[in-house]
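Asker: build the 3D model from these lines:
(one chain, ligands or ions: 1)
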Amino acid sequence: MASAPAEPDPSDKEAIRRKYLAERDKRLRPDGNDQYIEVTGVFEHYVDDPYVPVEPREPLHDEVTVAFIGGGFAGLVTGARLKQAGIDDVRIIEKGGDFGGTWYWNRYPGAQCDTASMVYMPLLEETGHMPTEKYAHAPEILEHCQRIAKHFDLYDNACLSTEVTGLDWDDDTKRWIIRTNRGDEMRARYVAMGTGPLHRPKLPGIEGITTFGGHSFHTSRWDYDYTGGDPTGAPMIHLADKRVGVIGTGATAVQCVPHLARDCGELLVFQRTPSSIDVRNNHPIDPEWFATLEPGWQEQWLENFTILQTGGFADEDLVKDGWTDITQRIRDRLFASPNPDLTPSGFQRAYHESDDDKMVEIRARVDEVVADPLKAAALKPWYRQLCKRPCFHDEYLAAYNTPTVELVDTDGRGVTRIDETGVWVGEDHYELDCIIYASGFEVGTDYARRAGYDTVGRDGLKLSEYWADGMLSLHGIHVHGFPNLFVVGPTQGANLISNIPHNLTERGKTIAAIVRHALDTGAHEVEVTAEAEQAWVGMLEAGGRRFGNQPDCTPGYYNNEGQDSGRRGLLNSVGYPEGPVGYFRYIDEWRTSGDFEGLEFRS
Ligand code: NDP
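Answerer: Here you go, the predicted model:
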């Protein structure tokens with residue numbers, strides 16, 4: 001029997017870094033992001049809505065005060081904030097058959113939030129919901145999305161199963177014209193867009209991928225008709241006699257593999273790069289404890305998590321998990337010295353040292369859990385924890401102890417070829433009944449390609465062209481040349497990656513305040529001035545906090561597959577120089593001052 005390959009000694013940091021670079025070099029490829037293909041052509045059906053049939057309806061030719069494109073958390077929380085501000089005439093337009101966005105589409109078994117429910121699930125106090133678990137599972141989160149929509153009456157005027165195909169500014173009437181795949185031509189005074197940064201599934205451009213004769217699907221549209229089971233994790237009984245292959249081992253695969261391991265006749269996991277799997281420690285939330293929380297608790301928790309997760313100090317760690325632990329360790333390192341070096345290089349050193357320790361622990365955990373030393377060796381991540389999306393799971397590694405589970409490690413090269421009967425890795429062929437693509441979502445591709453429509457502003461200016469060299473905005477929300485339009489996402493704002501919904505609830509508040517002000521003052525047009533936009537972008541370019549862009553890292557969507565993405569990449573992934581806490585404070589003051597500096601309100 002082959003023995004596991006030699007590994008660097010955990011105390012030999014130089015050897016570990018050499019190993020990191022060698023592993024990265026194996027995976028770097030000249031085609032970068034182009035290695036992936038779109039879900040079009042023979043794969044078009046991969047993005048059909050399997051959950052809700054499209055109900056026929058007459059096309060709409062009406063007008064609303066605010067239209068929101070996207071019914072995920074961005075639309076829900078902005079809709080809620082608008083309603084709270086007394087703006088009732090809100091229409092959410094959503095491609096899926098219900099609200100929920102990522103939680104509507106992603107119903108794979110085992111799906112759950114990776115950020116604690118108490119801070120991840122928005123508007124808990126407003127809707128009176130107590131999360132059942134520290135990390136809620138997907139059905140509960142989807143239900144919460146519906147709860148928000150019901151609570152704020154967002155169903156009333158919603159257009160579900162409706163895909164926007166065109167968005168044009170009509171300067172004569174000062175209205176946006178929204179066209180959809182249902183023949184609608186609606187008008188809106190204001191439009192906000194929250195189409196999600198990771199919503200368009202992508203597929204690996206593996207030679208022969210279109211030739212597979214068995215069954216296949218992407219994890220974001222789990223085919224329960226084929227597998228049996230359901231999103232709550234019921235046994236997938238139809239897989240008992242199937243040989244199933246999973247391609248990809250990112251955050252999605254980590255959550256669904258334990259379920260597949262339990263139910264498949266045989267499961268083969270094709271791995272290019274192992275994820276880092278830290279401890280999950282999920283547990284039910286105690287209703288008695290929950291009842292003791294004082295009003296205003298969620299704001300407090302959000303602030304506490306954001307402060308601690310981004311390197312600040314607080315008396316108590318309310319969430320206390322793998323996310324806050326990352327920064328706690330850095331702080332501990334820094335302040336272990338009587339003269340802490342608080343310069344960027346001092347911080348960087350503390351980060352590297354604490355990460356070295358963390359990754360030694362993560363690799364040691366693989367050895368503790370996985371019985372077969374060869375499998376264990378292949379499952380160890382050789383990169384820094386934040387090079388890829390950190391994963392947290394207590395059953396994933398153990399799944400490889402199941403006798404019917406095979407780990408097909410491709411040593412960084414990926415699947416070589418697909419043919420009618422299965423998958424090739426090098427010279428080895430693996431026959432399969434079903435391929436499940438856990439291959440992620442488009443990041444870094446053109447915004448209009450991901451959204452499915454372009455936005456045409458004043459004088460025919462297309463947003464895709466205006467942003468061809470990267471996003472330009474004030475606060476990540478307003479774009480010059482696109483009056484009465486708001487962008488809802490994390491970029492060029494707080495950029496808090498560990499808790500995306502928090503970015504969105506704050507943006508929702510800001511947008512509601514602006515629309516309220518415009519309505520109250522009789523303004524028909526709200527637009528950022530060119531100067532204010534340039535100043536904001538200039539500030540971000542000069543000193544913005546960048547997410548990703550770590551050239552030493554193993555490739556992935558966090559670092560544009562290891563390729564320099566230049567100014568465009570910077571602008572598409574940058575956040576406020578003082579970080580999320582600084583941005584939230586800044587934007588709160590900006591919006592409550594009532595001056596809305598940088599915006600022009602025109603009557
Ligand atoms: P990812 O992009 O993280 O993973 C895609 C996987 O496919 C990677 O393991 C990649 O390998 C692999 N892959 C790509 N091409 C090939 C190939 N040719 N052969 C073999 N393997 C290949 O997608 P996910 O859906 O897992 O996650 C996307 C994001 O969605 C997460 O990062 C996270 O932000 C979010 N998410 C959040 C969850 C939560 O909060 N609970 C749960 C799930 C997802 P390689 O690493 O080498 O590129």
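Asker: give me every residue in this structure lying close to the ligand.
Answerer: 27, 112-114, 198, 204, 206, 247-253, 255, 270, 272-273, 389, 414-415, 438-441, 556-557 (C-beta under 6 Å from any ligand atom). Any C-beta I mention is one placed from the backbone N, CA and C, and that applies to glycine too.
Asker: which of the residues you listed are buried, as a PyMOL select command?
Answerer: To isolate the buried members of the residues of the chain next to the ligand in PyMOL, using 16 or more other C-beta atoms under 10 Å:
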select buried, resi 27+112+113+114+198+204+206+247+248+249+250+251+252+253+255+270+272+273+389+414+415+438+439+440+441+556+557
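Asker: who are the contact partners of Leu570?
Answerer: Gly470, Leu540, Glu541, Gly544, Arg546, Asn549 (C-beta atoms under 8 Å, 6 or more residues apart in numbering).
Asker: for my notes, confirm Ile16 occurs in a helix.
Answerer: Yes - assignment of Ile16 by DSSP: H, G, I helix; E, B strand; the rest coil places it within a helix.
Asker: would you confirm that it contacts His352?
Answerer: No - in this structure, Ile16 is not within contact of His352 by C-beta atoms under 8 Å, at 10.6 Å.
Asker: these two - which one has more neighbours?
Answerer: More crowded of Ile16 and His352, by other C-beta atoms under 10 Å: Ile16, with 18 against 14.
Asker: and the gap between the more buried one and Ala251?
Answerer: For Ile16, the distance to Ala251 equals 24 Å [C-beta to C-beta, to the nearest Å].
Asker: specify which member of the contacts of Leu570 is nearest to Thr421.
Answerer: In terms of C-beta to C-beta, no member of the contacts of Leu570 lies closer to Thr421 than Asn549, at 41.0 Å.
Asker: can you check the pLDDT for the closest one?
Answerer: Looking at Asn549, its pLDDT is 65.
Asker: nearest to the ligand, of the contacts of Leu570?
Answerer: Taking C-beta to the nearest ligand atom as the measure, the ligand lies nearest Asn549 of the contacts of Leu570, at 16.0 Å.
Asker: which stretches of the stretch 101-250 of the chain have low pLDDT?
Answerer: Within the stretch 101-250 of the chain, no range satisfies pLDDT under 70.
Asker: residue ranges of the helices in it, please?
Answerer: For the stretch 101-250 of the chain, the helices defined by DSSP state H, counting those that start in this stretch occupy 102-105, 117-120, 124-127, 138-151, 224-227.
Asker: show me the residue at the heart of this structure, geometrically.
Answerer: For the chain, the residue nearest the mean C-alpha position is Leu198 (5.2 Å; C-alpha atoms, centre = their mean).
Asker: show the contacting residues for the closest residue to that one other than its chain neighbours.
Answerer: Among residues not flanking Leu198 along the chain, Phe441 sits closest, at 4.0 Å (C-beta to C-beta, 6 or more residues apart in numbering). Phe441 sits next to Leu198, His199, Arg200, Pro201, Lys202, Ser220, Tyr557 when contact means C-beta under 8 Å, 6+ apart.
Asker: any of the contacts of Leu570 buried? List them.
Answerer: Using 16+ other C-beta under 10 Å as the burial test, the contacts of Leu570 include Gly470, Leu540, Gly544 as buried.
Asker: quick one, grab the pLDDT at the last one.
Answerer: In the prediction, the pLDDT value recorded for Gly544 is 93.
Asker: which residue is the nearest non-sequential neighbour of it?
Answerer: In space, Gly544 is closest to Val574, 3.8 Å off (C-beta to C-beta, 6+ apart).
Asker: residue contacts, the one you found?
Answerer: Thr491, Gln492, Asn495, Leu540, Glu541, Gly544, Arg545, Arg546, Phe547.
Asker: how far out from the middle of the chain is the longest strand seen in the chain?
Answerer: Looking across the chain with DSSP state E, the single longest strand is strand 185-193. In this view, strand 185-193 has its centroid 25 Å away from the chain centroid, taken as C-alpha atoms, centre = their mean, to the nearest Å.
Asker: quick one: buried residues of the host helix or strand of Val360?
Answerer: In the assignment (DSSP states H and E), Val360 maps to helix 344-369. Within helix 344-369, the residues that qualify as buried are 347, 350-351, 353-356, 358-359, 362-363, 365-367, 369, counting by 16+ other C-beta under 10 Å.
Asker: can you point out the buried residues in stretch 272-291?
Answerer: By neighbour count with 16+ other C-beta under 10 Å, stretch 272-291 contains the buried residues Arg272, Thr273, Pro274, Ser275, Ser276, Ile277, Asp278, Arg280, Asn282, Ile285.
Asker: in helices, which of those appear?
Answerer: Per DSSP state H, helices hold no members of those.
Asker: between those residues, which is closest to Gly71?
Answerer: Nearest to Gly71, judged by C-beta to C-beta, of those is Ile285 at 26.6 Å.
Asker: hmm, who's touching stretch 426-438?
Answerer: In contact with stretch 426-438 (C-beta under 8 Å, 6+ apart) are residues 201, 203-204, 212, 214-219, 226, 239, 242-250, 252-253, 256, 260, 268, 408, 410, 413, 416, 418-419, 421-424.
Asker: residues in contact with Phe217?
Answerer: Tyr46, Asp223, Tyr226, Ile436, Tyr437.
Asker: run the last query once more with 10 Å
Answerer: When the contact criterion is C-beta atoms under 10 Å, 6 or more residues apart in numbering, the partners of Phe217 are 43, 45-46, 50, 108, 201, 223, 225-227, 434-437.
Asker: for PyMOL, write a command that selects the buried ones of those.
Answerer: In PyMOL, this line selects whichever of the contacts of Phe217 come out buried by 16+ other C-beta under 10 Å:
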select buried, resi 43+46+50+108+201+223+226+227+434+435+436+437
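Asker: I figured Leu308 hits Thr327, correct?
Answerer: Yes - the criterion here is C-beta atoms under 10 Å, and Leu308 meets it with Thr327 at 6.0 Å.
Asker: higher neighbour count, those two?
Answerer: Using other C-beta under 10 Å, the more surrounded residue of Leu308 and Thr327 is Leu308, with 24 against 19.
Asker: give me the pLDDT for the closest residue to the ligand within the stretch 401-550 of the chain.
Answerer: In the stretch 401-550 of the chain, the residue that lies nearest the ligand is Gly440 (2.4 Å; C-beta to the nearest ligand atom). Each residue has a pLDDT score; the one for Gly440 is 96.
Asker: domain map for the chain?
Answerer: As recorded under automatic domain parsing, the domains making up the chain are 23-39+202-276+392-437, 63-200+445-527+579-602, 296-380.
Asker: and those, which is most packed in?
Answerer: Per residue and on average, the most neighbours among the domains of the chain fall to domain 63-200+445-527+579-602, with a mean of 20 (mean count of other C-beta atoms under 10 Å).
Asker: of the buried residues of helix 344-369, which one scores lowest on pLDDT?
Answerer: Across the buried residues of helix 344-369, the smallest pLDDT goes to Phe347, namely 85.
Asker: how about the contacts made by that residue?
Answerer: Counted by C-beta under 10 Å, 6+ apart, Phe347 has contacts Gly311, Ile330, Arg331, Arg333, Leu334, Pro340, Asp341.
Asker: mind putting those residues into JSON lines with distance to Cys145, pLDDT and secondary structure?
Answerer: Shown next, in JSON lines, are the contacts of Phe347 (distance: C-beta to C-beta, whole Å; pLDDT from 0 to 100; DSSP: H, G, I helix; E, B strand; the rest coil):
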{"residue": "Gly311", "distance to Cys145": "31", "pLDDT": "83", "secondary structure": "coil"}
{"residue": "Ile330", "distance to Cys145": "34", "pLDDT": "89", "secondary structure": "helix"}
{"residue": "Arg331", "distance to Cys145": "35", "pLDDT": "88", "secondary structure": "helix"}
{"residue": "Arg333", "distance to Cys145": "39", "pLDDT": "88", "secondary structure": "helix"}
{"residue": "Leu334", "distance to Cys145": "39", "pLDDT": "88", "secondary structure": "helix"}
{"residue": "Pro340", "distance to Cys145": "43", "pLDDT": "87", "secondary structure": "coil"}
{"residue": "Asp341", "distance to Cys145": "45", "pLDDT": "88", "secondary structure": "coil"}
